[in-house]
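Student: Build me a model:
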Amino acid sequence: MPWTISYVIRKRMQLDSYNELPKEKRPPDHMIWWGIPEEIDDWFDKVLGTKNKNSEHDIVLEIDPREIE
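Tutor: Here you go, the predicted model:
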């Protein structure tokens, strides 16, 4: 019984946080109830555009601060 109560409370908090988003940016109901967390993370990355924006053609230079004079 305590696990059920804990699940209901966590799921309610999750739903409340999703309701703060605009309707077009909320995950679909089937993903909320039957999806895995990774699916929801991928959904938000795709919809909100928070995924790594570096393409394969971008160059990333890492500079060690000790090498700067």
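
Student: what's the spacing between the residue nearest in space to the middle of the chain and P27?
Tutor: By CA atoms, centre = their mean, the chain has its centre lying nearest to D41, at 3.5 Å. According to CB to CB, to the nearest Å, D41 stands 10 Å off from P27. C-beta: built from backbone N, CA, C; applies to glycine.

Student: for the record, mean pLDDT for the helix ranked longest in the chain?
Tutor: Counting by DSSP state H, the longest helix found in the chain is helix 2-19. On average, the pLDDT along helix 2-19 is 91.

Student: Show me what it is packed against.
Tutor: Secondary-structure packing of helix 2-19 (3 or more CB pairs under 8 Å, 6 or more residues apart in numbering; DSSP states H and E): helix 29-34.

Student: got a list of contacts for the helix it packs on?
Tutor: Residues outside helix 29-34 that contact it (CB atoms under 8 Å, 6 or more residues apart in numbering): 14-15, 18, 39-40, 43.

Student: Tabulate the residues you listed in CSV, adding columns for distance to T4.
Tutor: Output for the contacts of helix 29-34, formatted as CSV (distance: CB to CB, whole Å):
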residue, distance to T4
Q14, 16
L15, 16
Y18, 21
E39, 23
I40, 21
W43, 26
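
Student: Please, a ChimeraX command that selects the buried ones among those residues?
Tutor: Restricted to buried positions by 16 or more other CB atoms under 10 Å, the ChimeraX selection for the contacts of helix 29-34 reads:
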select :40,43
